[in-house]
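**Student:** next come a sequence and a model predicted from it.
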Amino acid sequence: MPEPTRSTVPNVARAAFAPTDTITGDRDITHAHFAPGDQVVVIKGVAAGELWGDAMTVVTPSWHTPTDEDGWRLRNPNGGAQTFITGHPRYLVHLSKRCPDCLIYLRALEDYLLPKVLGEQPVDLGWYQVTDRGQLLHADDAKAAGR
């Protein structure tokens, strides 16, 4: 299984039809699965038949307000307006190690998404937004929180 692209793909198109993410919301991953210094990626889309996303470093525990659960403060090495964000553990996939839980999640996303998103053009599936508090929010969590 190829490793997902480690950073945001430039010139990304929004999908005219974006499959609903039926996998991330049900992912059972604990806060303890990650640790400060871990390199992670948040899968955001598909490009040329591979998953891609934003690569970040886990910095410190941080409360994830949208889900009212333990989250992680993440640092995006590309900086910009969102250098630091807080994300829920179920949004994260290890890049710094090949752990079984993350590999199973990646395989499930690949099996589900790759046949549905064809073409070479990078596509952002629009599953994530960043709130005004710098909190990464998945579409399923936004619905549950009434956003």
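**Tutor:** Arrived safely. Treat the numbers as computed from the prediction; the structure is a model and nothing was measured.

**Student:** specify the local secondary structure of the residue nearest the centre of the chain.
**Tutor:** The structure's the chain has its C-alpha centroid closest to V42; by CA atoms, centre = their mean the separation is 2.2 Å. Here V42 takes the strand state, with states given by DSSP: H, G, I helix; E, B strand; the rest coil.

**Student:** part of a strand, is W72?
**Tutor:** Yes. Assigned with three-state DSSP, W72 falls within a strand.

**Student:** isn't it up against A32?
**Tutor:** No. In this structure, W72 is not within contact of A32 by CB atoms under 8 Å, at 10.8 Å. Where you see a C-beta, it was placed from the backbone N, CA and C, and this is true even at glycine.

**Student:** between those two, point out the one with more neighbours.
**Tutor:** W72 (27 against 8; other CB atoms under 10 Å).

**Student:** from A142, how far out is the closest residue to that one other than its chain neighbours?
**Tutor:** Spatial nearest neighbour of W72, chain neighbours left out: V58 (5.1 Å); criterion: CB to CB, 6 or more residues apart in numbering. As defined by CB to CB, to the nearest Å, V58 lies at a distance of 23 Å from A142.

**Student:** how about the strands of the protein, start to end?
**Tutor:** Remark: strands assigned in the chain by DSSP state E are 13-14, 39-47, 50-64, 69-75, 84-87, 93-94, 123-124, 128-130, 136-138.

**Student:** any idea of the mean pLDDT in the fifth one?
**Tutor:** Mean pLDDT, taken over the full extent of strand 84-87, equals 95.

**Student:** for that strand, list the C-alpha coordinates in CSV.
**Tutor:** C-alpha atoms of strand 84-87 as CSV (Å, rounded to 0.1, in the frame of the first residue of the first chain):
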residue,chain,number,x,y,z
PHE,A,84,-1.5,25.2,14.8
ILE,A,85,-4.8,23.4,14.9
THR,A,86,-6.5,20.9,17.2
GLY,A,87,-7.8,17.6,15.8
